[in-house]
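Novice: return atomic coordinates for the entry below.
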Amino acid sequence: MSGSDAGDSSSSAEEKKDKVKARVSRTSLILWHAHQNDVASVRKLLEEDRSLVQARDYDSRTPLHVASLHGWIDVAKCLIEYGADVNAQDRWKNTVILGFPYSMLDLPLADAEGAKKHSMIELLKSYGGLSYGQSGSHFEPRPVPPPLPNKCDWEIDPFELDFSNSNTIGKGSFGEILKACWRGTPVAVKRILPNLSDDRLVIQDFRHEVNLLVKLRHPNIVQFLGAVTEKKPLMLITEYLRGGDLHQYLKEKGALSPSTAINFALDIARGMAYLHNEPNVIIHRDLKPRNVLLVNSSADHLKVGDFGLSKLIRVQNSHDVYKMTGETGSYRYMAPEVFKHRKYDKKVDVFSFAMILYEMLEGDPPLSNYEPYEAAKYMAEGHRPMFRAKCYISELRELIELCWAADMNQRPSFLEILKRLEKVKENTPSDHHWNIFAS
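Specialist: Predicted coordinates:
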């Protein structure tokens, strides 16, 4: 082969790579815009590339699946106008989750029916959308099983929960977190909104989180105390941590001294090393400062919490990777492979840990001048936040760079991270002074 031929071949290979990258990015975009009910952006993408109407994530879910689940009528009409398959199947079909027979929603219409989006149901049916039991690959209608088995020793009578002096400490799309009192003890109660207590998807997520928490026992993991599964509203009860979350703490304190940051990082890494223990690996998938809690106002002990997006994976070996839902978690702390809807493993949590350690040392969230989605996109393109603080301990900077490596196989395990942090701690005086911004 001549030099020019080799050059042409190399150039051709690079062009193919660029096209693949662009395709992945556009797939993420149309799924995101469908999720955000942004019909103008969806239409613009389809005008540029009509084939994106059949774009799929790693769970094989199309933009129409996303729009159907949320009830976004205008987005659905636009997708159908551009030829969306109203009977596109995702990869889940019928399955068993954590020992319970559960029929996952695998058609756009099934998504709409499960989420009780009545206008969307009518729209999809008018275009030939199949309902429950109309195809051999789909599930027959059946009663939703109880969230969890009856007569559990952790089932809590809701009348034992005292909300008379309660206050809201968190809110989400499915419910709220309240400080309450149970048998004289302050507790945190995640309470599902009453109007969602019959929703299939919400019940599934609630049951999944409870099943995970029941199994967890570690000093650096928020302690599960019980749940209300037999009466409405569904509630999940954990210990109440008086110190609030790390997000608020950093907002008030700014950059932490190296010794404090190391101690905090050690607590987070201990909790995560426990979760990543094989063969039953729990991938958190939403590790961020809001989900790291301070035990008390003295901030001398941290715990990892909020397992609503976590996944329990039984691995055969330490190199297993999984096909799981893309774009799960919070964008600013999201690993590139998740944003790109690629296969990923427990190392996504290591990437998020790097973002948190960076934030503790810098005093600001990573890429704080970007919107969360744009920050995730920027990092998925290979960029990383800049180190601005003076006097970085070189070992900490090296650890952060290792943990946010683009190749997830290059990222260390949390056991390795613990060893590195312990070594840095030994050589870091507690009165080490920290100058924040470079001049």
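Novice: got a list of contacts for the top strand by length along the chain?
Specialist: Counting by DSSP state E, the longest strand found in the chain is strand 161-171. Applying Cβ atoms under 8 Å, 6 or more residues apart in numbering, the contact partners of strand 161-171 are 176-182, 187-189, 228, 235, 237. Any C-beta I mention is one placed from the backbone N, CA and C, and that applies to glycine too.
Novice: same question, stretch 292-311
Specialist: Against stretch 292-311 from outside (Cβ under 8 Å, 6+ apart): 172, 205, 209, 212-213, 216, 219-222, 238, 241-246, 249, 260, 263-264, 267-268, 271-272, 275, 282-287, 290-291, 322, 324, 328-329, 356.
Novice: again, only this time at 6 Å
Specialist: Stretch 292-311 is contacted from outside by 209, 212, 220-222, 241-246, 264, 267-268, 271, 282-286, 291, 328, using Cβ atoms under 6 Å, 6 or more residues apart in numbering.
Novice: cool, and stretch 235-249?
Specialist: Residues contacting stretch 235-249 (Cβ under 6 Å, 6+ apart): 156, 179, 186-191, 210, 222-228, 289-290, 292-297, 299.
Novice: list the residues that contact residue 215.
Specialist: By Cβ under 6 Å, 6+ apart, residue 215 has no neighbours at all.
Novice: pull up the gap between it and residue 371, please.
Specialist: 36 Å (Cβ to Cβ, to the nearest Å).
Novice: for residue 155, what are phi and psi?
Specialist: phi -70, psi 130 (degrees, to the nearest 10).
Novice: equivalent analysis for residue 199, please.
Specialist: phi -80, psi 130.
Novice: listing partners with orientation, what would you give for the longest strand of the chain?
Specialist: Sheet pairing here is set by DSSP bridges, and for strand 161-171 it gives strand 175-182 (antiparallel).
Novice: list the buried residues of whatever helix or strand comes next after the partner strand.
Specialist: Per DSSP states H and E, the first helix or strand lying C-terminal to strand 175-182 is strand 185-192. Applying a neighbour-count criterion of 16 or more other Cβ atoms under 10 Å, the buried positions in strand 185-192 are 187-192.
Novice: for these, which one is nearest residue 361?
Specialist: Minimum distance to residue 361 across the buried residues of strand 185-192 is 28.6 Å, recorded for residue 188 (Cβ to Cβ).
Novice: lowest average confidence, helix or strand, in the chain?
Specialist: Lowest on mean pLDDT, DSSP states H and E among the helices and strands of the chain sits strand 94-97, with a mean of 33.
Novice: mind listing what's buried in the longest strand of the chain?
Specialist: Buried-residue list, strand 161-171, by 16+ other Cβ under 10 Å: 161, 166.
Novice: what angle separates that strand from strand 185-192?
Specialist: Using axes from the mean of the first three to the mean of the last three Cα atoms, to 10 degrees, the direction of strand 161-171 lies 60 degrees away from that of strand 185-192.
Novice: next one: strand 161-171 to chain centre, how far?
Specialist: Centroid displacement of strand 161-171 relative to its chain, using Cα atoms, centre = their mean, to the nearest Å, is 25 Å.
Novice: same check, this time on stretch 259-270
Specialist: On Cα atoms, centre = their mean, the centre of stretch 259-270 falls 22 Å from the chain's centre.
Novice: so for that stretch, mean pLDDT?
Specialist: If you average the pLDDT over stretch 259-270, you get 95.
Novice: confidence score at the nearest residue to residue 158 once chain neighbours are set aside?
Specialist: Closest residue to residue 158 apart from its sequence neighbours, by Cβ to Cβ, 6 or more residues apart in numbering: residue 228 at 4.9 Å. pLDDT recorded at residue 228 is 90.
Novice: what's the following helix or strand after the strand or helix carrying residue 249?
Specialist: Following DSSP H and E, the helix or strand that holds residue 249 is helix 246-253. The helix or strand immediately downstream of helix 246-253 is helix 258-275, counting by DSSP H and E.
Novice: tell me what that next one is packed against?
Specialist: Counting contacts by 3 or more Cβ pairs under 6 Å, 6 or more residues apart in numbering; DSSP states H and E, helix 258-275 packs against strand 302-304, helix 347-362, helix 414-426.
Novice: can you put those in a markdown table and add distance to residue 197?
Specialist: Converted to a markdown table, these look like this (distance: least, Cβ to Cβ, whole Å):
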| stretch | distance to residue 197 |
| --- | --- |
| strand 302-304 | 27 |
| helix 347-362 | 30 |
| helix 414-426 | 36 |
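Novice: contacting residues for residue 393?
Specialist: residue 258.
Novice: ok, now how distant is the closest residue to residue 409 other than its chain neighbours from residue 224?
Specialist: Distances taken as Cβ to Cβ, 6+ apart put residue 347 closest to residue 409, at 7.5 Å, once the chain neighbours are dropped. Distance, residue 347 to residue 224, by Cβ to Cβ: 26 Å.
Novice: between these two, which has more neighbouring residues?
Specialist: Taking other Cβ atoms under 10 Å, residue 347 and residue 224 do not tie; residue 347 has more neighbours (24 against 21).
Novice: wait, that one sits on residue 411?
Specialist: Yes: between residue 347 and residue 411 a contact is recorded at 4.6 Å, counting by Cβ atoms under 6 Å.
Novice: quote the end-to-end distance of stretch 333-347.
Specialist: 13 Å (Cα to Cα, to the nearest Å).
Novice: kindly report the same for stretch 280-300.
Specialist: 29 Å.
Novice: show me what counts as buried in it.
Specialist: 281-295, 299.
Novice: and residue 371, how many neighbours?
Specialist: 11.
Novice: over to it: give its phi and psi.
Specialist: phi -70, psi 150.
Novice: any chance you could map the strands in the chain?
Specialist: 94-97, 100-103, 161-171, 175-182, 185-192, 224-228, 235-239, 280-283, 292-294, 302-304, 311-314.
Novice: returning to that earlier point: quick one: the longest strand of the chain to strand 224-228, angle?
Specialist: When the same axes, to 10 degrees is applied, the directions of strand 161-171 and strand 224-228 differ by 110 degrees.
Novice: what's the neighbour count on residue 361?
Specialist: 25.
Novice: so how far is residue 370 from the nearest residue to it once chain neighbours are set aside?
Specialist: Residue nearest to residue 361 in three dimensions, not counting chain neighbours: residue 261, with 5.3 Å by Cβ to Cβ, 6+ apart. Distance of residue 261 to residue 370, given as Cβ to Cβ: 23 Å.
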